[in-house]
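[1] Return a 3D structure for these sequence lines:
(one chain, ligands or ions: 1)
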Amino acid sequence: MPLPKPAAPERRRPLVVAIDGPAASGKSSTAKWVAKELGFRHVDSGALYRAVTAAALARQADSQEWSEDDVLAAAAVVRLEPGETSFEPRLGDAAIDDELRGAAVTAAVSLVAKMPRVREWVNARVREAAAGHPVVVDGRDMGTAVFPRARVKIFLVADPWERAKRRLLQRFERLPTDEEIAEETDALVRRDAKDESQTQRAPEAVLIDTTYLTQEQQVERIVALARSAMRLSR
Ligand code: DC
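    So this is what the prediction gives:
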């Protein structure tokens with residue numbers, strides 16, 4: 001009897017490396033570097049929530065007045081521009097990097113990130129970006145809600161004091177004082193609480209505690225995991 005024909009190989013999807021974790025755990029800078037090392041593109045889902053927030057602020061400065069429909073209407077001008085190593089959010093044609101990290105956007109973004117239809121909108125944009133090119137995506141729920149079948153899932157954590165110190169070092173470009181770090185730690189812990197419901201760790205995600213790691217060490221570990229997944233899927 002002739003042997004049954006082997007099933008046609010499934011068309012492979014581009015590889016997804018999903019990096020999740022709380023605020024200031026170093027996700028975005030690590031993800032950017034990992035993407036460069038692997039020749040993938042980086043997608044920062046938090047930056048997309050921030051871009052939608054910036055678009056909503058441009059239409060109505062008082063976030064208390066926003067309905068979910070208003071925010072979704074504002075999102076129509078937000079798009080992801082493909083570059084060599086990343087997809088960058090744009091409002092129309094304008095690059096908005098500085099505005100995204102500003103106080104007004106930071107104060108209102110948690111509200112926007114809690115809107116279910118806005119989450120669907122952001123998730124759809126991130127999945128579109130990943131459909132045609134291998135990506136490193138970072139956020140809170142990339143390895144769970146958005147890419148449950150991602151080949152590589154990482155959950156980054158770090159001690160809040162260390163996260164606050166790193167954030168201030170970046171902001172001030174000098175060593176922060178203990179008082180400044182204590183104040184920032186308090187703000188970070190509050191933000192963690194606000195974002196708690198969206199922050200999900202996939203049970204199969206590799207947990208990396210970066211408290212005592214350099215950024216180079218974090219990147220090396222994730223790149224090694226991704227290369228191993230790429231070898232296994234060949
Ligand atoms: O990582 P970030 O600080 O840039 O994120 C901005 C906001 O978006 C923050 O409130 C958490 C939220 N967020 C989310 O809910 N889900 C994601 N996948 C990414 C960010």
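[2] Note down every partner strand of the worst-scoring helix or strand of the chain on mean pLDDT and its orientation.
    Counting by mean pLDDT, DSSP states H and E, the chain has its least confident helix or strand at strand 94-95, which shows a mean of 81. Using DSSP bridges, the strands paired with strand 94-95 are strand 86-91 (antiparallel).
[3] what does this structure put close to the ligand?
    Taking CB under 6 Å from any ligand atom, the part of the chain that reaches the ligand is made up of 23, 45-47, 49-50, 109-110, 113, 139-141, 195, 198. To be clear about C-beta, it is placed using only N, CA and C from the backbone, and glycine gets the same treatment.
[4] For those, pick the one with the most neighbours.
    Gly139 (31 neighbours; other CB atoms under 10 Å).
[5] Quick check: chain neighbours aside, which residue is closest to that one?
    Spatial nearest neighbour of Gly139, chain neighbours left out: Ser45 (3.5 Å); criterion: CB to CB, 6 or more residues apart in numbering.
[6] if we can go back for a sec, as JSON lines, the residues of the chain next to the ligand with pLDDT would be great.
    Formatted as JSON lines, those follow (pLDDT from 0 to 100):
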{"residue": "Ala23", "pLDDT": "88"}
{"residue": "Ser45", "pLDDT": "97"}
{"residue": "Gly46", "pLDDT": "96"}
{"residue": "Ala47", "pLDDT": "96"}
{"residue": "Tyr49", "pLDDT": "97"}
{"residue": "Arg50", "pLDDT": "97"}
{"residue": "Val109", "pLDDT": "95"}
{"residue": "Ser110", "pLDDT": "92"}
{"residue": "Ala113", "pLDDT": "95"}
{"residue": "Gly139", "pLDDT": "97"}
{"residue": "Arg140", "pLDDT": "96"}
{"residue": "Asp141", "pLDDT": "96"}
{"residue": "Asp195", "pLDDT": "86"}
{"residue": "Gln198", "pLDDT": "87"}
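[7] What about these, which are in helices?
    Residues from the residues of the chain next to the ligand lying in helices, with DSSP state H as the criterion: Ser45, Gly46, Ala47, Tyr49, Arg50, Val109, Ser110, Ala113, Asp195.
[8] So which of those residues is the closest to the ligand?
    Using CB to the nearest ligand atom, Gly46 comes nearest to the ligand of those, at 2.6 Å.
[9] Return the residues in contact with that closest one.
    Lys27, Ser28, Val109, Asp138, Gly139, Arg140 (CB atoms under 8 Å, 6 or more residues apart in numbering).
[10] which one among these gets closest to Ser233?
    When the contacts of Gly46 are compared for distance to Ser233 (CB to CB), Asp138 wins out at 21.2 Å.
[11] residues contacting that closest one?
    With CB under 8 Å, 6+ apart, Asp138 has these contacts: 18-21, 27-28, 30-31, 42-46.
[12] What count of nearby residues applies to Ser63?
    Neighbours around Ser63, by other CB under 10 Å: 17.
[13] Also Gly143?
    Neighbour number of Gly143 under other CB under 10 Å is 28.
[14] you'd agree it is up against Ala205?
    Yes - between Gly143 and Ala205 there is a contact at 5.2 Å, judged by CB atoms under 8 Å.
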